[in-house]
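Participant: no sequence for this one, just the structure:
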């Protein structure tokens, strides 16, 4: 998967930012984390990338993939 398509939801001051992997600037800023997640999910789905949600401490707390997974589950 192309890492540049990954979208990160990160704290940005007292707001939340959607940042594309490798980008220094935020794609968009949101008052709530959920708002940023919703916007980031749309971008990740459109680009068939991954959405990585960070907590306030910067740690990744959740990942969602919207691309062609290398190991799709069987069933």
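Facilitator: Done, it's in. Predicted, not measured: the structure shown is a model, and the values here were computed from it. Numbers count the residues shown, from 1 in each chain.
Participant: For the chain, which segments are assigned as strands?
Facilitator: Taking DSSP state E as the criterion, the chain contains strands spanning 7-12, 15-20, 28-30, 50-54, 60-65.
Participant: Low-confidence bits of this structure, can you list those?
Facilitator: Confidence mapping of the chain against pLDDT under 70 gives the ranges 1-4, 68-75.
Participant: show me the contacts for residue 19.
Facilitator: Listed by C-beta atoms under 8 Å, 6 or more residues apart in numbering, the contact partners of residue 19 are 7, 8, 10, 25, 26, 27. (Glycine included, C-beta is placed from N, CA and C.)
Participant: now residue 52
Facilitator: Counting by C-beta under 8 Å, 6+ apart, residue 52 makes contact with 6, 7, 8, 9, 60, 62, 63.
Participant: The fourth one is in contact with residue 50, isn't it?
Facilitator: Read it as residue 9. No. Counting by C-beta atoms under 8 Å, residue 50 is not a contact partner of residue 9; they are 11.5 Å apart.
Participant: All set now, cheers.
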